[in-house]
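>>> Model the following, please.
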Amino acid sequence: MIGGTIGALAKRAEEVYLSLDEGGRTLTRQIFLRLVTLGEGVEDTRRRTAQSELRAISTDNDTLDEILDAFSQFRLFSLDTDPATRTPTVELAHEALLREWERLQVWLNESRDDIKLQRQLAGMAEEWRANERESSFLARGSRLTQFEAWTHDTTLSLTPKEHEFLDASLMQRRRETDAESERQQREKRLEQRSQTFLRGLVGILLVAVIVAAGLTTLAVNNASEAQTERDNTRNALATSDANFGRAEQQRLYLSANEAMDNNASGNVGMALAIRSLAYGYSAGADAALMRASRQGVIQQTYTGHQFELYSVAYSPDGTLVATSTEGGTRIYNAVTGEELRLLAQDEIAGSVVFSPDGATLLTTGIGNLDALLWDTATGTLIRTYINESEPYYASFSPDGSKIIVWMNDAHQLWDTESGERLESYPTAIDDTHELMGLVYAQDGGLRFAIRGEENRVYLEDAQTGEATCTLLEAGTAPWSMFSWGNDHPIGVIAT
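Numbers count the residues shown, from 1 in each chain. As a prediction, the model looks like this:
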């Protein structure tokens, strides 16, 4: 069942791709290559990308919007906004696409080195712009030579910001090359002048002592020039040391950002950023340190998982952690990280949630039609709630007496104790209205979360049919996720 579901995602992605014209297919490849973070010794992962970055590599925004709409309509893309900047973002909705869509695998295998170089170039370009285009932040040496050769061969599209940084680096290299050539020519002229002078000096010494005295004065002047050259050399060496310090400082905070891009913990990013700051303050190192602090420091690791996690839940009192993955659900001591017990299942445990009193645990499975109720303390299966189709998610009512099961075609209400199904509400209400979920108000009354015309989302009293409040006004972007905390009056809608 799992293989069929994942295979269906890959098949749908291929169908959307083949429905595009030639220009759309070319742009689709560029988009997907920017939505992936390459793994080093681990699997590749999805990357949240600003829509502005994708628009920067496209010359046809209408085609770009068509692609984003097509893939998000079939829930292959997740459209969101960055929490810090509120700018629109794009992300793969299913990480399984990276492993199962054959065409995407071919793209990644063909372009893996190109993607690594593009990310390095983009990071250096962003740092250069953040430091007011200071020339010391430009690419130099073998790295610049590598970028220059790569841009002539790669099929990866670059943004205007990346092109600007590369062009500025090449222009700076030309200026430095011209300056070095001019210095060498000047030294050669000085050398030729000195040789001519020495030959003349021999002849003049034979003529008169007075001329020799004049030449002595000239020699003193030449000595002064030599001292100036030595001073310039010492200054150049000092500048070289300072440039090394800046380069090492930049390498460290870029490594911090790269590690965090590859899903490293905040511990790694923080250590590299602090080492960078040891060379002196820089905006890049400071930004990397702030990002690491926001990314969080690992306080506890819960081990034993062999496959991808699908859900994590804390018990109400915060003493237990439950995780769902292929093979079942694991319960851990939240403080020590010790695994207490395994609730074994043949399928993938898709979602997990504690009851309000923490005494029981409710799980649903991918490829399993049932919702299962477990005893938290013993790991014993208490009750099975049998469904006609696969449930996506299940939750408790605030008092724990009822269970809400969300499926693709219906939302069901069950009695927790007896296992009796009380109600089943179809997802499709009519041509313009859709039931998004069941929620409980603070007064204990059941509410329907409904999406109506022009994507208006509102709550309706299940008993009276009266609309109690509007969550999203008509005319907003289509929603892609709905979540509601039945133990707190807080909801989340992703558009």
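
>>> quick one, phi psi at Ser58?
Reported as degrees, to the nearest 10, the phi and psi values for Ser58 are phi -110, psi 140.

>>> Just the helices from the stretch 1-150 of the chain, written as ranges.
2-18, 22-33, 51-56, 61-73, 97-100, 102-130, 141-153 (DSSP state H, counting those that start in this stretch).

>>> In the protein, which strand is the longest?
strand 339-354 (DSSP state E).

>>> So what's the model's average confidence on the helix or strand that that one is followed by?
Under the assignment DSSP states H and E, the closest C-terminal helix or strand after strand 339-354 is strand 360-366. Taken as a whole, strand 360-366 carries a mean pLDDT of 85.

>>> and strand 360-366, which strands flank it?
Here strand 360-366 is paired, per DSSP bridges, with strand 339-354 (antiparallel), strand 370-375 (antiparallel).

>>> Now tell me which of those strands the model trusts least on average.
strand 339-354 (a mean of 84).

>>> Quick check: Ile31 touching Glu53?
No - look at Ile31 against Glu53 with CB atoms under 8 Å: they stay out of range, at 9.8 Å. C-beta here means a position set from N, CA and C on the backbone, and glycine is covered the same way.

>>> the more surrounded of those two?
Each of Ile31 and Glu53 has its neighbours counted (other CB atoms under 10 Å); Ile31 has more, 20 against 17.

>>> What's the separation between the more buried one and Gly269?
Applying CB to CB, to the nearest Å, the value for Ile31 to Gly269 is 27 Å.

>>> check contacts around the residue nearest to Glu134 when sequence neighbours are not counted.
Nearest in space to Glu134, with sequence neighbours left out and distances taken as CB to CB, 6 or more residues apart in numbering, is Trp128 at 7.2 Å. Counting by CB atoms under 8 Å, 6 or more residues apart in numbering, Trp128 touches Glu134, Phe137, Leu138, Phe165, Ala168.

>>> could you redo the last one with a cut-off of 7 Å?
Phe137, Leu138, Phe165 (CB atoms under 7 Å, 6 or more residues apart in numbering).

>>> Give me the neighbour count for Ile67.
Ile67 - counted by other CB under 10 Å - has 25 other residues nearby.

>>> 745 is where my numbering starts, stick with that
That works, and once the first residue is 745, the last one we named lands at Ile811.

>>> that older thread, ok now the longest strand of the chain, how far from the chain's centre?
28 Å (CA atoms, centre = their mean, to the nearest Å).

>>> same check, this time on stretch 1016-1025
Using CA atoms, centre = their mean, the offset of stretch 1016-1025 from its chain centre is 23 Å.

>>> Same check on stretch 1043-1050?
22 Å.

>>> Report how many residues lie close to Thr1104.
Neighbours around Thr1104, by other CB under 10 Å: 19.

>>> Sorry, wrong one. I was asking about Gln994.
By other CB under 10 Å, neighbour count at Gln994 equals 22.

>>> Below-threshold pLDDT in this protein: ranges please.
Applying pLDDT under 70 to the chain picks out residues 745-750, 942, 945-964, 970, 977, 980-981, 1111-1113, 1136, 1152, 1218-1239.
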